[in-house]
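Participant: Requesting a structural model of the entry that follows:
(one chain, ligands or ions: 2)
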Amino acid sequence: MAGKRDYYEVLEIERSSDPEEIKRAYRKLAIQCHPDRNPDDREAEEKFKELSEAYSILSDPGKRSQYDQFGHAGVSGNGGFSGGFDFSGSFSDLFSDIFQDFFGGGRSGQRQRGFRGDDLRYRMVITFEEAVFGTEKEILYPKLAECERCLGDGVEPGHSPATCPVCDGRGEVHYQQAFFTMSRTCPNCGGQGRVVENPCSKCHGEGREKKQRTLTVRIPKGVDDGTRMRIRGEGDGGLAGGPAGDLFVQIQVREHPFFLRENNDIVCEVPIRMEVAVSGGTVEIPTLEGPVELTVPQGTQPGQMFTLKGKGVPNLRGSGRGDQYVRVNVEIPSKLTKKQKELLKEFTSLSKPAAYKTVSRFDREFAKYKGE
Ligand SMILES: [Zn+2]
Ligand SMILES: [Zn+2]
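Facilitator: Ligands and ions are numbered 1, 2, ... in the order given. Purely as a prediction, here's the structure:
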């Protein structure tokens, strides 16, 4: 792997480039050094392989983020291109991949028409409660969808397309690569077998136009901040009969004034008065289902935790719920009246050491420490 060039450098793009820019850069360069156009040119072939490898990583959002974080090491072992290029095994695969990307063909035997539409991303902000119990949201977003004028055909109504002269309507052309005869999708018609001479005036022959899509998205109970949901086929529509891309809904959960979430458990901190901690009593605390009374025993310590079983977040997969943890903060009054001070003095005079176990233990240890 030594001497491997940076993938962004290979594609001559910025690290911040979006998927569309990556695709464009790749196509531009791949056409230049394509082995088909540079027969018996080792250098062009190497460059083409390097390019394809870079593109295979950067065009995949998951692999790209791995690469951004860890460099080449982050994407090795993912199969395909890592550590040495398997020439004999994957060259034809590589070709069909490339052409699928270029012209919308497919691997031999399962040819697919057209180009797949782009995936889209939608960021959805929901409340803490919505994340816990699930919800349904209507979203509105722009996407490329079938043109209404030509019904996705790309042909101006009243006209019909002509047979592609390059492939004679077969959608496929043959070429020689070393000892093999390979077939690939026709570059002239993108495998459609036809060419449009009178493109639709509304979409300019693309068959797609920008539209506002309204979609009801069901958010399952138990989702968390950062959860990503894939909605198949709701991305941009395909080109030339290709399938639609997917829509990815990225969940962002708003902060809650009381609750912090830890997986399926909820933690909340509740301040109580010193007198309640000393004598015991009940305090009203929030839960996801509304306020409840929590009984605090006599002698409750600062930071003491109480567990409310099954008051947490429902499990996203499977059944059951997490718990709610209540951490009690004891507040000591910062101001006392004269009368309170007197009473406290009296209170102190009545206190026995045994009532303060931790302080008594500390005092004993400390006496030893001082050599008394
Ligand atoms: Zn053709
Ligand atoms: Zn149209």
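
Participant: Ala162 - how many residues pack around it?
Facilitator: If you count neighbours by other CB atoms under 10 Å, Ala162 ends up with 13. Any C-beta I mention is one placed from the backbone N, CA and C, and that applies to glycine too.

Participant: no no, Ile13
Facilitator: Residues near Ile13, counting by other CB under 10 Å: 19.

Participant: Okay, it and ligand 1: tell me how far apart.
Facilitator: 31 Å (CB to the ion, to the nearest Å).

Participant: for Leu350, same thing?
Facilitator: 100 Å.

Participant: do the same with Cys186
Facilitator: Remark: distance between Cys186 and ligand 1 (CB to the ion) = 3 Å.

Participant: Tell me who's in contact with that residue.
Facilitator: 103, 164, 166-167, 170-173, 193 (CB atoms under 8 Å, 6 or more residues apart in numbering).

Participant: For the nearest residue to it once chain neighbours are set aside, give me its contacts.
Facilitator: Nearest residue to Cys186, sequence neighbours excluded (CB to CB, 6 or more residues apart in numbering): Cys167, at 3.8 Å. Going by CB under 8 Å, 6+ apart, Cys167 touches 173, 186, 188-189, 193.

Participant: Looking at those, state which has the most neighbours.
Facilitator: Cys189 leads those on contacts (other CB under 10 Å) with 26 neighbours.

Participant: Is it correct that that one is in contact with Val195?
Facilitator: Yes - with contact defined as CB atoms under 8 Å, Cys189 counts as touching Val195 (5.6 Å).

Participant: got any residues that touch both of those two?
Facilitator: Joint contacts of Cys189 and Val195 (CB under 8 Å, 6+ apart) are Cys164.

Participant: Can you tell me the SS state at Pro165?
Facilitator: Per DSSP: H, G, I helix; E, B strand; the rest coil, the secondary structure class of Pro165 is coil.

Participant: Ramachandran coordinates for it?
Facilitator: phi -70, psi -20 (degrees, to the nearest 10).

Participant: how about it, what does it touch?
Facilitator: Counted by CB under 8 Å, 6+ apart, Pro165 has contacts 188, 195.

Participant: Also within reach of ligand 1: list those from the contacts of Cys186.
Facilitator: Applying CB under 5 Å from the ion to the contacts of Cys186, one finds that 164, 166-167 fall near ligand 1.

Participant: what about stretch 190-203, start to end distance?
Facilitator: Distance across stretch 190-203, first residue to last, is 18 Å (CA to CA, to the nearest Å).

Participant: same question, stretch 4-14
Facilitator: Terminal-residue distance, stretch 4-14 (CA to CA): 18 Å.

Participant: Output the set of residues of this protein in proximity to ligand 1.
Facilitator: So far as CB under 5 Å from the ion goes, the chain lies against ligand 1 at 164, 166-167, 186, 188-189.

Participant: of those, closest to ligand 2?
Facilitator: Nearest to ligand 2 among those is Cys189, at 17.5 Å by CB to the ion.

Participant: wait, what's in contact with that closest one?
Facilitator: 164, 166-167, 171, 195.

Participant: One more: Val326?
Facilitator: Contacts of Val326 by CB under 8 Å, 6+ apart are 268-270, 285, 294, 305-308.

Participant: 7 Å instead?
Facilitator: 268, 270, 285, 294, 305-306, 308 (CB atoms under 7 Å, 6 or more residues apart in numbering).

Participant: who wins for most neighbours among those?
Facilitator: Ile285 (20 neighbours).

Participant: measure that one to Val278 for me?
Facilitator: 19 Å (CB to CB, to the nearest Å).

Participant: Check what pLDDT Arg64 gets.
Facilitator: Per-residue confidence (pLDDT) for Arg64: 88.

Participant: before we move on, what about Glu50?
Facilitator: 87.

Participant: and stretch 29-49, which residues are buried?
Facilitator: 29-30, 33-36, 44-45, 47-49 (16 or more other CB atoms under 10 Å).

Participant: Kindly check the end-to-end length of that stretch for me.
Facilitator: End residues of stretch 29-49 are separated by 11 Å (CA to CA).

Participant: And for stretch 127-144?
Facilitator: 30 Å.

Participant: got it, and stretch 58-75?
Facilitator: Termini of stretch 58-75 sit 10 Å apart (CA to CA).

Participant: With stretch 219-238 instead?
Facilitator: With CA to CA as the measure, stretch 219-238 spans 26 Å from end to end.

Participant: Go through that stretch and flag the buried ones.
Facilitator: Those would be 219, 222-223, 227, 229, 231, 234-238, for stretch 219-238 by 16+ other CB under 10 Å.

Participant: what's the pLDDT at the spatially most central residue of the chain?
Facilitator: The residue lying closest to the centre of the chain (CA atoms, centre = their mean) is Arg228, at 4.5 Å. On pLDDT, Arg228 comes in at 94.
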